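Asker: following is a predicted model, sequence given first.
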Amino acid sequence: MMKFTKQNFIFLVGGIIIYVVDIGVDFWVASKYFCQGQYRWGILILCFRGLSSLITQVFSYEWFKNDWEGTDTGKLKWIFLVHLFQCGIFIRYWFALKYGCQAAFKQKSSGDASETDPPNFIQKQAVDAVADINMLRVFKTFLETTPQLFVQIYILMEHGKNNFCQYAAIITSFCSISFSTVDYQISLRKSLPDKDEFRVLPKLVYVFYKLLTITSWILSISLMTLLNVRSSVILLIFLWICGFTWTLKQHTTFCKSKKMEYLYRTVVGIILIFTFFNIKGRKTKVCISIYYATHTIITLGILFVYMFWKPSIIKEIHFTIVSILTILSLVLGIVFLVVYYRLFHPTAYCRPQACSDEVDGQAGQKDRVEIGRFQNFIMQ
């Protein structure tokens, strides 16, 4: 397991700042819509925020229960109350800051020492605490930030009115997606064995791959929504069903309980609407090719409909500029994807014995709690 460095601590602090700013921007944008009488947009922004918060709190509390199994139930009651008031993530940030500060500034870890030695134990606590936060931020990114980005871009296309709060929301969304994806990959490489360190160039390639492909997809869906809202909703539901079905066939083993596992699969189905993740840590060259080929076909189909049908709205949204941005971001995103997988993607996700799909109870429960959670989470 790699060290938790000062740079990682700075990224952690930056993630906290982005998280708090994102919350403030959400309520600011929603209040602006309410003041302008655009209640449906304000309610939609808050709904995304509420859904994301609810699901992340549920998973966070469940992980606390798993990690603190057999400890004082009084602590769990307080943790439950904190999560009930939607503040569980701040408890996790407090633990991450506490352990991260000790690991980065006060501890000297020896690479040959055992993980049970005090310095390495603090390092492991810091890495695990940040890994849990980054898993929750992945949920938030694709349950709240990305859908909100789609809504903001759609509103700009539909009304053509530019105001500061919309641009602020879009910029904050892009920053949040960037920080979330990079931090998640850093945690992935630190938490799983046989992972190389995530250096600066791979980080940039990975971020550009994710941001450009997501941007192209959001622009495409926004164009389709302008044509027909019902068709857009049907397409998104169909894509979620496909993602959810694929997740079921993968037989994921992320959660201990069946109910939480189905909730996890439901969330992963939503994530797969917007971007591809390897949910079992296996080779997925065929799957990722099919995934982005499908997105490319849908994107080109939407653009062809606009070019040949030529609806009246085409002049209002500067279709030429939007179509160029859509195609350019798609092509560049796929180029960065190929570069990342060819040059920077680790060939081994984890050791075979660590990734075996054993049912609960066959492997040690303590090991599943301490190292199994991240290994069974979505990968890239």
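Answerer: Perfect, I can see it now.
Asker: roughly how far apart are Leu226 and Val233?
Answerer: In this view, Leu226 and Val233 are 13 Å apart by CB to CB, to the nearest Å. Where C-beta positions appear, they are placed from N, C-alpha and C, glycine not excepted.
Asker: no, scratch that, I was asking about Lys65
Answerer: Using CB to CB, Lys65 is found at 36 Å from Val233.
Asker: neighbour count winner among these two?
Answerer: Shown here are Lys65 and Val233; by other CB atoms under 10 Å, Lys65 has more neighbours (16 against 12).
Asker: now do the contacts for that one.
Answerer: Residues in contact with Lys65 (CB atoms under 8 Å, 6 or more residues apart in numbering) are Leu76.
Asker: tell me if I am right that it is in a helix.
Answerer: Yes: with DSSP: H, G, I helix; E, B strand; the rest coil as the criterion, Lys65 is assigned to a helix.
Asker: where does the one residue sitting closest to the centre of the chain fall, secondary structure wise?
Answerer: What sits nearest the mean C-alpha location of the chain, by CA atoms, centre = their mean, is Val138, with 2.4 Å. Using DSSP states H and E, Val138 sits in helix 118-140.
Asker: how about Val268?
Answerer: Using DSSP H and E, Val268 falls within helix 258-274.
Asker: got a list of contacts for that helix?
Answerer: Contacts of helix 258-274 (CB under 8 Å, 6+ apart): 55, 58-59, 62, 138-139, 142-143, 146, 214, 217-218, 236, 239-244, 246-248, 252-255, 277, 279, 291, 378.
Asker: follow the chain on from it and name the next helix or strand.
Answerer: Next element after helix 258-274 (DSSP H and E): helix 285-309.
Asker: and that following helix, average pLDDT?
Answerer: If you average the pLDDT over helix 285-309, you get 90.
Asker: then stretch 223-230?
Answerer: Averaged across stretch 223-230, pLDDT comes to 89.
Asker: equivalent analysis for stretch 19-38, please.
Answerer: pLDDT averaged over stretch 19-38 gives 89.
Asker: which of the residues in stretch 26-42 are buried?
Answerer: For stretch 26-42, burial by neighbour count (16 or more other CB atoms under 10 Å) applies to Asp26, Val29, Ala30, Lys32, Tyr33, Trp41, Gly42.
Asker: low-confidence regions, the stretch 101-250 of the chain specifically.
Answerer: Counting by pLDDT under 70, the stretch 101-250 of the chain has low-confidence residues at 107-119, 160-162, 190-198.
Asker: which parts of it are helices?
Answerer: Per DSSP state H, counting those that start in this stretch, the stretch 101-250 of the chain has helices spanning 118-140, 146-159, 164-191, 200-227, 229-250. These are given in chain order.
Asker: which one of these lies nearest to Arg49?
Answerer: helix 146-159 (8.0 Å; CB to CB).
Asker: how many residues are close by Val286?
Answerer: Val286: 8 neighbours (other CB under 10 Å).
Asker: er, Asn134 I mean
Answerer: 27.
Asker: the helix holding Val268 vs helix 164-191, what angle?
Answerer: 120 degrees (axes from the mean of the first three to the mean of the last three CA atoms, to 10 degrees).
Asker: average pLDDT for helix 258-274?
Answerer: Helix 258-274 comes out at a mean pLDDT of 93.
Asker: one more: stretch 325-337?
Answerer: Computed over stretch 325-337, the average pLDDT equals 94.
Asker: got the buried residues for that stretch?
Answerer: Thr326, Ile327, Ser329, Leu330, Leu332, Gly333, Ile334, Phe336, Leu337.
Asker: same question for stretch 293-306.
Answerer: For stretch 293-306, a neighbour-count test (16+ other CB under 10 Å) marks His295, Thr296, Ile298, Thr299, Ile302, Leu303, Tyr306 as buried.
Asker: and for stretch 12-28?
Answerer: In stretch 12-28, counting by 16+ other CB under 10 Å, buried: Leu12, Gly15, Ile16, Ile18, Tyr19, Asp22, Val25, Asp26.
Asker: contacts for that stretch?
Answerer: Outside stretch 12-28, the residues within contact range by CB under 8 Å, 6+ apart are 45-46, 49, 89, 93, 96-97, 100, 130, 133, 137, 144-145, 148, 165, 168-169, 172-173, 175-176, 179-180, 183.
Asker: centre of the chain to stretch 63-83, how far?
Answerer: With CA atoms, centre = their mean, to the nearest Å as the basis, stretch 63-83 stands 25 Å off its chain's centre.
Asker: my bad, should have said stretch 269-287
Answerer: 12 Å.
Asker: can I get the CA coordinates of it in CSV?
Answerer: The C-alpha trace of stretch 269-287 is given here as CSV (Å, rounded to 0.1, in the frame of the first residue of the first chain):
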residue,chain,number,x,y,z
GLY,A,269,-27.1,1.7,-13.5
ILE,A,270,-27.5,5.4,-13.2
ILE,A,271,-23.8,6.0,-13.3
LEU,A,272,-23.5,4.0,-16.5
ILE,A,273,-26.0,6.3,-18.2
PHE,A,274,-23.3,9.0,-18.2
THR,A,275,-19.9,7.2,-18.3
PHE,A,276,-18.4,3.7,-18.3
PHE,A,277,-16.9,2.0,-15.3
ASN,A,278,-15.5,-1.4,-14.9
ILE,A,279,-17.7,-2.8,-12.1
LYS,A,280,-15.9,-6.1,-11.5
GLY,A,281,-12.2,-5.3,-12.1
ARG,A,282,-12.1,-7.6,-15.1
LYS,A,283,-11.0,-7.0,-18.7
THR,A,284,-13.8,-5.1,-20.4
LYS,A,285,-12.3,-4.1,-23.8
VAL,A,286,-15.4,-5.4,-25.6
CYS,A,287,-17.9,-3.8,-23.1
